[in-house]
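**Q** Next input, structure requested:
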Amino acid sequence: MAVGAKVSAVNELSSPVPPPVTWLTTTEAAAYLKVKPRTLLSWVRQGRVKAFALSGTKRRVWRFRQQDLDAAVMESPVLPSPAPTVLSGRRIS
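**A** Model prediction:
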């Protein structure tokens, strides 16, 4: 065995194992995001959430990866808005 082969064998053994993929149904994914299933499917149609359609069924059956749901939540921008005030700019006399 050559030195280069030993190094590559050690690198293969020490490489991190990817985390297991968690697949969720539409109902489970909606509960995870705390929205209704109908809202989640609307987001799929809009392209806001990545989903996978299962083949071989008459109706569309969707599956979601938990990591994709996390990514969708993290990438949605929160737009800053002016702080609400109790007093308006006008004075009533």
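
**Q** where does this structure have low pLDDT?
**A** Applying pLDDT under 70 to the chain picks out residues 1-15, 57, 76, 78-81, 85, 87-93.

**Q** Helices of that one, residue ranges please.
**A** For the chain, applying DSSP state H gives helices covering 3-14, 26-33, 37-46, 66-75.

**Q** ok, and which of these has the densest surroundings?
**A** Neighbour counts (mean count of other C-beta atoms under 10 Å) averaged over each of the helices of the chain peak at helix 26-33, with a mean of 17. No exception for glycine: its C-beta is placed from N, CA and C like everyone else's.

**Q** can you give me the angle that one makes with helix 37-46?
**A** When axes from the mean of the first three to the mean of the last three C-alpha atoms, to 10 degrees is applied, the directions of helix 26-33 and helix 37-46 differ by 90 degrees.

**Q** by contact count, what packs against helix 26-33?
**A** Secondary-structure packing of helix 26-33 (3 or more C-beta pairs under 8 Å, 6 or more residues apart in numbering; DSSP states H and E): helix 37-46, strand 61-65, helix 66-75.

**Q** tell me which residues in the shortest one are buried?
**A** Put plainly, it is strand 61-65. By 16 or more other C-beta atoms under 10 Å, the buried positions in strand 61-65 come out as W62, F64, R65.

**Q** Closest one to P18 out of those, please.
**A** Closest approach to P18 among the buried residues of strand 61-65 (C-beta to C-beta): R65, at 12.2 Å.

**Q** circling back: can you tell me which of the buried residues of strand 61-65 comes closest to L33?
**A** Minimum distance to L33 across those is 9.2 Å, recorded for F64 (C-beta to C-beta).

**Q** how close does the closest one get to P82?
**A** Distance, F64 to P82, using C-beta to C-beta, to the nearest Å: 36 Å.
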